[in-house]
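1. sequence unknown, structure follows:
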């Protein structure tokens, strides 16, 4: 039997953080808005399209953004609101489609393959976009094509707040007039290499012999050629809130020493945090599990703002433990689980000093990789020093 034609939609919330801020304060609409700290060491987390006209970009130092646009309005950012709206949009998509992938807090891939038997795929996708706009007030763009790559590129061309559909067999018509800088994962270094051999447009890349590209770029050369020709087979990875990371420990001796239990919680949380950052993910939900000496097992779970920062995670784990633990009872096992995992969006870590903290934790992770996890740990996770004498 012939394989059904693939229909993959890519949805992307436009200037997501800025759009949420405009919902909160409509007076900001149409103005050059920068989300992020405005101090000497501040970083641009996101900016409005009006601000982008001045050359402002995400991850740019705030001081540079101020120089480019002295009239830019700086907003500190509402991490909690961004997490909340992301979940609302996720639920709207989950309720409407059979298979979707949450690529970041504001970006989704949807596999609509086979739905053309029951619905007009184009009309269905338009209606889903309208429903998201109607129920959240947020602008959102989409691209629709036969694969994830072309759909993402179509979304980028449709922004802001639009849509673009690339029919089957028309991939080259859409791709070839574009510059090579439009290809996802093609950074400045690769661009410069392509420019150096006279390749500026995707059509030029697509019609260059694969062997020549492999000579210059190695295995990446064939991937570039495939992308330029709209060839991309990566599937939509099913998203599940049940994906999780967890660590737990059964003690040799049951204990009701709260100081000891807190140190163990810190250790388990750090192990989860290490795994979280290694997988380049954020967690949006924490669960603490306690098993008492009589084997009674209880747990408490709480949804949190998406994060990968140990200090935030440890504080919440201790808070959950405090709400759950029955004072005086001996504990046999402790466990900590992170769930509601999403790919790490760099923007989520650009507020105030969070980016510095994330880099610090990653530096510590690197030391653990090199010398072992026992070499570096928080003082609160260490056993108390033995008294001399």
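-> Received, thanks. Bear in mind that the values here come from a model prediction, so they are computed numbers and not experimental data.

2. so for the longest helix seen in the chain, what's the average pLDDT?
-> Ranked by residue count, the top helix of the chain under DSSP state H comes out as helix 258-278. Mean pLDDT, computed over helix 258-278, is 94.

3. Could you list the buried residues of it?
-> 261-274, 276-277 (16 or more other CB atoms under 10 Å). Quick note: C-beta positions are derived from backbone N, CA and C, even for glycine.

4. likewise stretch 145-165?
-> Buried, per 16+ other CB under 10 Å, within stretch 145-165: 145-156, 158-159, 161-165.

5. Mind checking which of those are in helices?
-> With helices taken from DSSP H, the overlap with these comprises 148, 149, 150, 151, 152, 153, 154, 155, 156, 158.

6. Tell me the pLDDT of the fourth one.
-> To tie it back to what came earlier, the one meant is residue 151. Taking residue 151 on its own, its pLDDT is 98.

7. who are the neighbours in contact with it?
-> 8, 9, 10, 109, 142, 143, 144, 145, 166 (CB atoms under 8 Å, 6 or more residues apart in numbering).

8. same thing but 7 Å
-> Residues near residue 151 by CB atoms under 7 Å, 6 or more residues apart in numbering: 8, 9, 10, 143, 144, 145.

9. Residue 230 contacts residue 148, correct?
-> No: Residue 230 lies out of contact with residue 148 (CB atoms under 7 Å); the separation is 11.2 Å.

10. what ranges do the helices span in the protein?
-> With DSSP H as the criterion, the chain has helices at 16-24, 49-52, 62-68, 79-96, 121-136, 148-158, 171-175, 188-196, 202-206, 210-217, 219-228, 258-278, 310-324, 354-371.

11. Indicate which one of those is closest to residue 341.
-> Nearest to residue 341, of all the helices of the chain, is helix 258-278, at 7.6 Å by CB to CB.

12. Output the contacting helices and strands for the closest one.
-> The helices and strands touching helix 258-278, judged by 3 or more CB pairs under 7 Å, 6 or more residues apart in numbering; DSSP states H and E, are strand 244-255, helix 310-324, strand 331-339, helix 354-371.

13. Tell me what angle it forms with strand 244-255.
-> Calculated by axes from the mean of the first three to the mean of the last three CA atoms, to 10 degrees, helix 258-278 forms an angle of 160 degrees with strand 244-255.

14. Helix 258-278: how far from the chain's middle?
-> Its chain's C-alpha centre and that of helix 258-278 lie 23 Å apart, by CA atoms, centre = their mean, to the nearest Å.

15. again with stretch 305-318
-> Distance, centroid of stretch 305-318 to centroid of chain: 17 Å (CA atoms, centre = their mean).

16. Buried residues, it. List them.
-> By neighbour count on 16+ other CB under 10 Å, the buried set for stretch 305-318 is 305, 306, 307, 308, 309, 310, 312, 313, 314, 316, 317, 318.
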